[in-house]
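Undergrad: can you look at this prediction? I've put the sequence above it.
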Amino acid sequence: MKLNELSDNPGASKDRMRVGRGIGSGKGKTGGRGVKGQKARTGVAIKGFEGGQMPLHRRLPKRGFYNPFSTDYNEVNLGRIQQAVDAGKLDAAATVTQDALIAAGVLSKPRDGVKILGQGELKAKLAFEVAAASKSAVAAIEGAGGSVKLLAGEQVSA
C-alpha cells in the first residue's frame, strides 16, 4: 500500500451541504433559515427577548441566598466503612482520615471534610480523624472500642 492509495471507508465522510444555491438544490432560497425576519439575518442573539416587553426573568423577584462560607462534607455511613474494612481496602490498624477513605475507594473526591453518619453496623476497632460526626456514629464507634478525633474544632451534631 502506498500513501496515495490511502482513503476513507466508503460512506465515512460526506460532502458539506452548500446552502443558498438555487431552489433545485433543496436548500435554496432561504438556505435552511426558515423565512424572513430577524432570525433569518446573521449575528442574532435574542434569547429571552420579548419584543421590548420586560423579559420574564427580569419580571420575577430574586429569591434565595448563596452562603459562600457553607461547608460541603463527604458523608459516609459506618456500614460503608465496615464494608471497606471487610474487603481489605481499609487498614483497621491505621487512622481513618479523608485521604485513607479516598485511597480505599469509599470517597471519590475530597471536599471540605468528612462527616461520619451512624447508619449500619461497625465491628472493627477504628480511630477516626474527621471534620464532623453524628452522635449516633460517635456512640457506635466508641461502643466498638474505637475513637473519634474531630479536626479544626468541629462539633458533634445530632
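TA: Looks like it came in fine.
Undergrad: going forward, measure contacts and count neighbours with C-alpha atoms only.
TA: Will do.
Undergrad: what's the pLDDT at the residue of the chain positioned farthest from its centre?
TA: Distance from the centre of the chain peaks at Gly24, with 49.1 Å (C-alpha atoms, centre = their mean). Gly24 is assigned a predicted lDDT (pLDDT) of 91.
Undergrad: does the nearest residue to Asp91 once chain neighbours are set aside belong to a helix, a strand or coil?
TA: Among residues not flanking Asp91 along the chain, Val85 sits closest, at 6.5 Å (C-alpha to C-alpha, 6 or more residues apart in numbering). Assigned by DSSP: H, G, I helix; E, B strand; the rest coil, the conformation of Val85 is helix.
Undergrad: what residues go with each domain of the chain?
TA: When the chain is parsed with automatic domain parsing, its domains come out as 18-64, 74-157.
Undergrad: and the closest residue to Arg21 other than its chain neighbours, which helix or strand is it part of?
TA: Counting by C-alpha to C-alpha, 6+ apart, Gly28 is the residue found nearest to Arg21 once chain neighbours are left out, at 5.2 Å. Element membership for Gly28, per DSSP states H and E: none, as it lies in no helix or strand.
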